[in-house]
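Student: Any chance you can model this:
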Amino acid sequence: MTENGGEISMTNGEFNESPCDVVNSDLKEVGRMYEKLLENQKNQDETIRNNQEKVLQEIEMIKKDMKGRKRPLDDASPGNSAKRVDIPQNSVLRTINLDQYPMKNFVLKHTFEDILYCEDDVYMSSAEEDHFGVNWRMSVSRKSNDLLFFLDCIGPFDAMNNRIEIECELKIKSKNEEFIKCKSAHFFDKPACRLLTEWKDFEEKYLVDDKLTVEYHMQINKYIGIYKVNLREFDETMEEFSDVVLIVNGQKFYVLSKYLASHSSYFKAMFMGRFDEASQSEIKLTGIDADDFQNYLEVIHGELAIDDYTIEGILHLSDMYDTQMAIDKCQTFLLKKSRKTLKKKLQLAFRYNLMKLKKSCLLKLRSVDDIRSVISGDIRDMDPSLTAALLEKSLLFQ
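Tutor: Take a look at the predicted model:
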């Protein structure tokens, strides 16, 4: 039988569609699937736009917060003149805030999870972090009714006389945002030290969703046997070639004031400005480490003192004393020779505004996973400018 020109056949009492009808049905199904895909794509695009808007808003907030911030030495540029200069009383020498340039200070922070399920003598550890050329991590372990906190220093301890003198403050965050604190001092002549606290009441007061937030506030006072040997001496043997003595933690450095002034606006202000220091034969420098100052002096005197152990201390002082030549040498080392991780290089690049290193590191971030690998445990603890740069970079992978 025919109906409207189309054939309908019946076999065994059943109607069979013609090939044209089957094709039309398939096309309709494909059309529905295509419309569904378009709708899903539209929703995904909308989600991406919303995420981008949030990221851009966050970036603007960070930039607004940073607006107007200025490095303490921005208004002073290094000079080469040996002529005595008039420098106002609110100059770099008077306004520099040494609290912004602490000694070898840093913070280890980690949130341990599933503490309640930690078995006796099983260690839970944070990732290693590089600070001043040495890797550090913290660990916790349960033992009966006690909770042990370990601070691990990951070498180098390859010699009997290698030692690190530190002061640390352990902070454990409670449920009401308060901290239990414990201060101690240690000599590391082996890879670990430990602190012990009772488990009693600990679960009730300090565990939040079975998570424990721990911070170690660290200050390195002395490296012994870890740094390289001195490449140049600034001791009494240099007295006849010097005109001033700089004292750092009791150690005397005999230097030529005009040479330092030619490389550092800070020392130019100190030695050539109208300050008491300009007429003193001995001057104490506070808030710095003697080993770092030795390495800093070696660099500005042309020695190859920069390596992965010394570079952070040298950068610290070069930034503090506005010594661009030393900063440039450190940046070149980080770009070409350093074995530090990408995460650490990024931190140093943004902390000390090393533009070439910033560009190099950001170019190496080629995926979301790469970005995750350089983010600290708590993004709020990161340098705001680095956070903004990573957020902007993440937009490329949306």
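Student: Ile224 is in contact with Arg163, correct?
Tutor: Yes: counting by CB atoms under 8 Å, Arg163 does reach Ile224; the two are 4.2 Å apart. Where C-beta positions appear, they are placed from N, C-alpha and C, glycine not excepted.
Student: Residue ranges in the chain under the pLDDT threshold?
Tutor: 1-31, 33-38, 40-103, 155-161, 177-201, 225-226, 376-381, 398 (pLDDT under 70).
Student: per the record, what domains does this protein have?
Tutor: 57-99+232-395, 102-224 (automatic domain parsing).
Student: Redo these as TSV? Include distance to Glu39 and mean neighbour count.
Tutor: Converted to TSV, these look like this (distance: least, CB to CB, whole Å; neighbours: other CB atoms under 10 Å):
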stretch	distance to Glu39	mean neighbour count
domain 57-99+232-395	24	17
domain 102-224	37	15
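Student: Now do the strands in the stretch 251-398 of the chain.
Tutor: Along the stretch 251-398 of the chain, counting by DSSP state E, counting those that start in this stretch, strands occupy 251-255, 282-284.
Student: Stretch 148-162: end-to-end distance?
Tutor: This stretch, stretch 148-162, spans 25 Å end to end (CA to CA, to the nearest Å).
Student: in the chain, which strand has the most residues?
Tutor: strand 211-224 (DSSP state E).
Student: what comes into contact with it?
Tutor: 102-113, 115, 131-132, 136, 138, 140, 149, 151, 161-173, 179, 206, 289, 291 (CB atoms under 8 Å, 6 or more residues apart in numbering).
Student: same deal with stretch 229-241?
Tutor: So stretch 229-241 is contacted by Lys252, Phe253, Tyr254, Val255, Leu256, Gln294, Leu297, Glu298, His301, Glu303, Leu304, Ala305 (CB under 8 Å, 6+ apart).
Student: can you pull the contacts of the closest residue to the third one other than its chain neighbours?
Tutor: For Tyr254, the nearest residue in space outside its immediate sequence neighbours is Ser242; the separation is 3.9 Å by CB to CB, 6 or more residues apart in numbering. Taking CB under 8 Å, 6+ apart as the definition of contact, the neighbours of Ser242 are Tyr254, Val255, Leu256.
Student: Ser242 and Glu233: what is the separation?
Tutor: 11 Å (CB to CB, to the nearest Å).
Student: which residues does Val107 bridge with?
Tutor: For Val107, the beta-bridge partners are His217 (DSSP bridges).
Student: Let me see the contact set for it.
Tutor: With CB under 8 Å, 6+ apart, Val107 has these contacts: Glu215, Tyr216, His217, Met218, Asp381.
Student: Show me which pair in those is furthest apart.
Tutor: Farthest-apart pair in these is Met218 and Asp381; separation 14.2 Å (CB to CB).
Student: need the contacts of stretch 229-241 in JSON lines with distance to Lys329, can you?
Tutor: Conversion of the contacts of stretch 229-241 to JSON lines gives the following (distance: CB to CB, whole Å):
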{"residue": "Lys252", "distance to Lys329": "25"}
{"residue": "Phe253", "distance to Lys329": "20"}
{"residue": "Tyr254", "distance to Lys329": "23"}
{"residue": "Val255", "distance to Lys329": "19"}
{"residue": "Leu256", "distance to Lys329": "20"}
{"residue": "Gln294", "distance to Lys329": "16"}
{"residue": "Leu297", "distance to Lys329": "13"}
{"residue": "Glu298", "distance to Lys329": "11"}
{"residue": "His301", "distance to Lys329": "12"}
{"residue": "Glu303", "distance to Lys329": "10"}
{"residue": "Leu304", "distance to Lys329": "9"}
{"residue": "Ala305", "distance to Lys329": "9"}
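Student: Alright, I will stop here.
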